[in-house]
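Q: quick one, what's the 3D model for this:
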Amino acid sequence: MPYSRLFQLMVDTALWETEKSREEYRKQAFLTWRIEGMFATENIPTFEEYCNEFGFGDVQGENNTEITSSQEALDYIDELFNCAPLKDREEDIVVK
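A: Below is the predicted model:
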């Protein structure tokens with residue numbers, strides 16, 4: 001088998017595995033989206049918007065966030081998940 005054919009098979013397999021993983025994430029996201037919808041007090045986004053927000057939807061946004069410290073990582077997660085700041089909770093101590 002020529003190397004170029006082997007390489008193409010490896011690329012195709014990697015893409016297939018990536019798509020399979022992405023579909024598993026979408027299944028799990030659907031459940032969380034529905035649960036969030038049951039308990040939401042405000043309007044929730046559509047499922048596609050929800051998936052795109054977390055990076056496994058059909059629209060892939062550019063990630064320009066460069067994280068250089070643990071505090072920046074915590075702030076980014078707070079922003080991404082729109083949750084209460086982790087620094088106020090003592091049980092969430094980050095080892096530096």
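
Q: remind me what whatever helix or strand Q28 lives in packs against, helices and strands.
A: In the assignment (DSSP states H and E), Q28 maps to helix 3-39. On a contact count with 3 or more CB pairs under 8 Å, 6 or more residues apart in numbering; DSSP states H and E, helix 3-39 meets helix 47-54. Bear in mind the C-beta positions are built from the backbone N, C-alpha and C, glycine included.

Q: wait, N52 sits on D58?
A: Yes: using CB atoms under 8 Å, N52 makes contact with D58 at a distance of 7.2 Å.

Q: tell me which of these two has more neighbours.
A: Higher neighbour count among N52 and D58: N52, with 16 against 8, using other CB atoms under 10 Å.

Q: what's the distance between the more buried one and A29?
A: Per CB to CB, to the nearest Å, N52 is found 10 Å from A29.

Q: hey, C-alpha coordinates of the one helix or strand in the chain whose mean pLDDT sits lowest in PDB?
A: In the chain, the helix or strand scored least confidently by mean pLDDT, DSSP states H and E is helix 70-81, which has a mean of 74. This file holds the C-alpha atoms of helix 70-81, laid out as PDB (Å, rounded to 0.1, in the frame of the first residue of the first chain):
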ATOM      1  CA  SER A  70      -5.000  29.200  36.800                       C
ATOM      2  CA  GLN A  71      -7.000  32.300  37.800                       C
ATOM      3  CA  GLU A  72      -7.500  33.200  34.100                       C
ATOM      4  CA  ALA A  73      -8.700  29.600  33.600                       C
ATOM      5  CA  LEU A  74     -11.200  29.900  36.400                       C
ATOM      6  CA  ASP A  75     -12.500  33.200  35.100                       C
ATOM      7  CA  TYR A  76     -12.800  31.800  31.600                       C
ATOM      8  CA  ILE A  77     -14.900  28.800  33.000                       C
ATOM      9  CA  ASP A  78     -17.000  31.200  35.000                       C
ATOM     10  CA  GLU A  79     -17.700  33.200  31.800                       C
ATOM     11  CA  LEU A  80     -18.300  30.100  29.700                       C
ATOM     12  CA  PHE A  81     -20.700  28.400  32.000                       C
END
